[in-house]
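K.L.:
pasting a predicted model and its sequence here:
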Amino acid sequence: MLILLLALPAITHALLTDNDLKLEYYWAPPAIGIAHHYEVQTSTDNGVSWTNVGNTPNSSAPTFDNPFPITGIAGKTYLVKVFAVDANNNKASATSDPVMCTPGDANRDGQVELTDFTLVSRHWLRSYGDPSYNLSADLNDDGVVNIDDLTLVTLYWGRVYYNGAPDRQNTIFVPNQPQLGQNFPNPSNPETWIPYQISREAQVTIEIYNTNGQIVRILNLGFKPAGYYVTLNNAAYWDGKNEAGEETSSGVYLYVISAGDFHAARKMIVLK
């Protein structure tokens, strides 16, 4: 007899060299019996039909140690069925819970934009086990919120999902309203990036203040067209220095954006 236990699926190592995604499923060895190998099937129609995606040999380790990657998952809802097969071709199967793959959409509102970026940056470097760890911000589910999660947001930036499927015809190129995002990393030591979006072209300036209300640094970003400025390449960059070129001390700072008639402020922390 074979009795198979299947672990909850998780997206891990979400970026591949071809910018595709893969979903890695892990499962436990049979609770009773010894598996010779495993057969893996997937379904994207809630189990109405199943597709064989491959076999993998058994592993002797007693933990969840049988990863199986499935590629091309963006915008699909997956079920995975795993068969444990013994030497006599007896089989036992287990089926995963469904996983909707909408990469980059951290807050699950159906589109990838600045609020997702802010959610990730707000939980920057939080790891599994921390009281403030946020599973939604850990987009690739590797146990830590870091640059890999921000990369997923920027890679799928502007994507709109309808019923889990990405609609490329509804990609957002110009935001409906301006917004100032949370800097990342936060706390910073000492450099940081400040994401923002503007809905029309404007001269953009960011002023950084200390808790005494004194200006520490002015970032003159120039005349910018409407759009999103949220990546390492185009977000506002602060090297942690004041106007005199001296490194600032640890503490709480306020950064204020001015872009035409749009003004907004947020707090950030420098921690050394």
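P.N.:
Noted; the coordinates are in hand.

K.L.:
can you pull up the bridge partners for residue 222?
P.N.:
residue 204 (DSSP bridges).

K.L.:
that one contacts residue 203, correct?
P.N.:
Yes: the criterion here is Cβ atoms under 8 Å, and residue 222 meets it with residue 203 at 7.1 Å. For every residue, glycine as well, the C-beta is placed using N, CA and C.

K.L.:
neighbour count: those two, which is higher?
P.N.:
Neighbours per residue (other Cβ atoms under 10 Å) separate residue 222 from residue 203, with residue 203 holding more: 12 against 8.

K.L.:
apart from its neighbours in sequence, what residue is nearest residue 225?
P.N.:
residue 201 (4.8 Å; Cβ to Cβ, 6 or more residues apart in numbering).

K.L.:
distance of the one you found relative to residue 185?
P.N.:
Remark: distance between residue 201 and residue 185 (Cβ to Cβ, to the nearest Å) = 29 Å.

K.L.:
okay, now the domains of this structure?
P.N.:
With domains defined by automatic domain parsing, the chain comprises 22-100, 103-172, 173-272.

K.L.:
so for residue 201 and residue 185, which sits in the more crowded spot?
P.N.:
Legend: neighbour count by other Cβ under 10 Å for residue 201 and residue 185, higher for residue 185 (19 against 13).

K.L.:
hmm, the more buried one is touching residue 123, no?
P.N.:
No: in this structure, residue 185 is not within contact of residue 123 by Cβ under 8 Å, at 10.4 Å.

K.L.:
output stretch 179-194 as PDB, nothing but the C-alphas.
P.N.:
What follows is stretch 179-194 as a C-alpha-only set of coordinates in PDB (Å, rounded to 0.1, in the frame of the first residue of the first chain):
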ATOM      1  CA  GLN A 179       1.600  59.000  -6.000                       C
ATOM      2  CA  LEU A 180       4.700  58.800  -3.800                       C
ATOM      3  CA  GLY A 181       5.800  55.400  -2.900                       C
ATOM      4  CA  GLN A 182       7.700  54.100   0.100                       C
ATOM      5  CA  ASN A 183      11.500  54.200  -0.300                       C
ATOM      6  CA  PHE A 184      13.400  50.900  -0.500                       C
ATOM      7  CA  PRO A 185      15.200  49.600   1.300                       C
ATOM      8  CA  ASN A 186      13.700  51.000   4.400                       C
ATOM      9  CA  PRO A 187      15.500  51.300   6.800                       C
ATOM     10  CA  SER A 188      18.400  52.300   4.500                       C
ATOM     11  CA  ASN A 189      22.100  52.100   5.200                       C
ATOM     12  CA  PRO A 190      22.800  54.600   3.700                       C
ATOM     13  CA  GLU A 191      21.500  54.600   0.100                       C
ATOM     14  CA  THR A 192      17.900  54.300  -0.900                       C
ATOM     15  CA  TRP A 193      15.600  54.600  -3.800                       C
ATOM     16  CA  ILE A 194      12.300  56.600  -3.800                       C
END
